[in-house]
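Enquirer: Quick check, what structure comes out for this input:
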Amino acid sequence: MRRLIVNADDFGLTRGVNRAIIEAHERGMVTSATLMANSRAFDEAVELASKAPRLSVGCHVMLVDGSPILNASKVSSLIVNGPRLARSGASATAHNANLEAEFRSGFGALASCALRRRLSAEEIEAEATAQIKKLQGAGIRVSHLDTHKHTHILFSVLKPLLRAARACGVRAIRNPFVPLRPLALAHLVRRPHLWKRYSGLRVLRRGAEKFRRLVEAEGMVTPDGTFGMVVTGALDERLFQAILGSIPPGTWEFVCHPGYNDAELGGVRTRLRESRVQELQLLTSAGGREILNRNGVELISYREI
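Expert: So this is what the prediction gives:
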């Protein structure tokens, strides 16, 4: 049996992303979504989720490319301007200080700090807990966790994240490791940027077994792996067919980013713009559904694992 969770990341990023995720759920293949606690369209996403009871909603924990929920002085190892803000506490309100606080930009910057042991596990756990509790406080039944830019592939991030999840009663987490052969070689050769991304993810895959052991030790569950990360920003019907045709038996997750490329999206930090529209079209198309059926893939949500 091959079961697939189709999870839309970035819920709450903009109103256009929110609308697209709900459309991809109600008219398409999306079964789950992960909501960003510190996003501009958070309140609208919560309202839309309340009207979509079949949508499984998790927390898209952000530790890069955004601002913290907690005051900057409590997460100084996670932000780029922590020392300056920590010193300004006497003359600035916590609210004003946090307006200036920003996480590092991108996975690489966080990974570099992790390798140099400059990240505080206690601060990661506290910030992740704050983000999860913000969703729960808004009435969201948080079914699972993942991270923006898949930062929990780093074990120094994963371990405190698991502690936060357990403390908040969240029982499932994304397995960020890709299968060994997510695409045929021919597809990767024709798209050099995909080959580069695949090569990097394959190097990281050596930690897959340790990841599963850590998750199980915390009494949590996770899918067998994740598809879609390699083709983020390039997904089309041909690649979708190639991916679904390669899915082995088990329970897997497919990551997607539907959205509308409107003026509001132009004002946020993201490299995914027109590709969000293309993904929405695929996820709601008859052709996409036919690919699922032809390959004998059953759609499920995170609530069902």
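
Enquirer: which stretches of the stretch 151-300 of the chain have low pLDDT?
Expert: Counting by pLDDT under 70, the ranges of the stretch 151-300 of the chain that qualify are 180-205.

Enquirer: in it, which spans are helices?
Expert: With helices called from DSSP state H, counting those that start in this stretch, the stretch 151-300 of the chain shows them at 155-168, 185-190, 192-204, 208-217, 237-245, 274-283, 286-294.

Enquirer: Deepest-packed of the ones you listed, please.
Expert: helix 274-283 (a mean of 21; mean count of other Cβ atoms under 10 Å). The way it works is simple: take the backbone N, C-alpha and C, and place the C-beta from them, glycine included.

Enquirer: Grab the CA positions of that one and hand them over as PDB.
Expert: Output of helix 274-283 as PDB, limited to C-alpha atoms (Å, rounded to 0.1, in the frame of the first residue of the first chain):
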ATOM      1  CA  GLU A 274       5.100  32.200 -10.100                       C
ATOM      2  CA  SER A 275       5.900  28.600  -9.200                       C
ATOM      3  CA  ARG A 276       3.200  28.800  -6.500                       C
ATOM      4  CA  VAL A 277       0.500  29.500  -9.200                       C
ATOM      5  CA  GLN A 278       1.800  26.500 -11.300                       C
ATOM      6  CA  GLU A 279       1.600  24.200  -8.300                       C
ATOM      7  CA  LEU A 280      -1.900  25.300  -7.500                       C
ATOM      8  CA  GLN A 281      -3.000  24.600 -11.100                       C
ATOM      9  CA  LEU A 282      -1.400  21.100 -10.900                       C
ATOM     10  CA  LEU A 283      -2.800  20.300  -7.400                       C
END
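
Enquirer: and of the helices of the stretch 151-300 of the chain, who's closest to Phe42?
Expert: With Cβ to Cβ as the criterion, Phe42 lies closest to helix 155-168 of these, at 17.4 Å.

Enquirer: Any chance you could list what contacts that closest one?
Expert: With contacts defined as Cβ atoms under 8 Å, 6 or more residues apart in numbering, helix 155-168 is touched by 61, 63, 110, 114, 117, 119, 121-122, 124-126, 128-129, 132-133, 136, 142, 145, 147, 151-152, 171, 173, 207, 210-211, 214-215, 218-220.

Enquirer: tilt between it and helix 208-217?
Expert: Angle, helix 155-168 to helix 208-217, by axes from the mean of the first three to the mean of the last three Cα atoms, to 10 degrees: 20 degrees.

Enquirer: thinking again about what came up before, from the contacts of helix 155-168, list the buried ones, please.
Expert: Taking 16 or more other Cβ atoms under 10 Å as the criterion, what is buried in these is 61, 63, 110, 114, 119, 124-126, 128-129, 132-133, 142, 145, 147, 151-152, 171, 173, 207, 211, 214-215, 218, 220.

Enquirer: Show me those residues that map onto strands.
Expert: 61, 145, 147 (DSSP state E).

Enquirer: so what's the nearest residue to Gln131 once chain neighbours are set aside up against?
Expert: The shortest distance from Gln131 to any residue other than its chain neighbours is 3.8 Å, reached at Ala37 (Cβ to Cβ, 6 or more residues apart in numbering). Listed by Cβ under 8 Å, 6+ apart, the contact set of Ala37 reads 12, 59-62, 69, 130-132, 134-135.

Enquirer: Apply 10 Å and report the result again.
Expert: 12, 59-62, 66, 68-69, 127-128, 130-135, 137-138, 140 (Cβ atoms under 10 Å, 6 or more residues apart in numbering).
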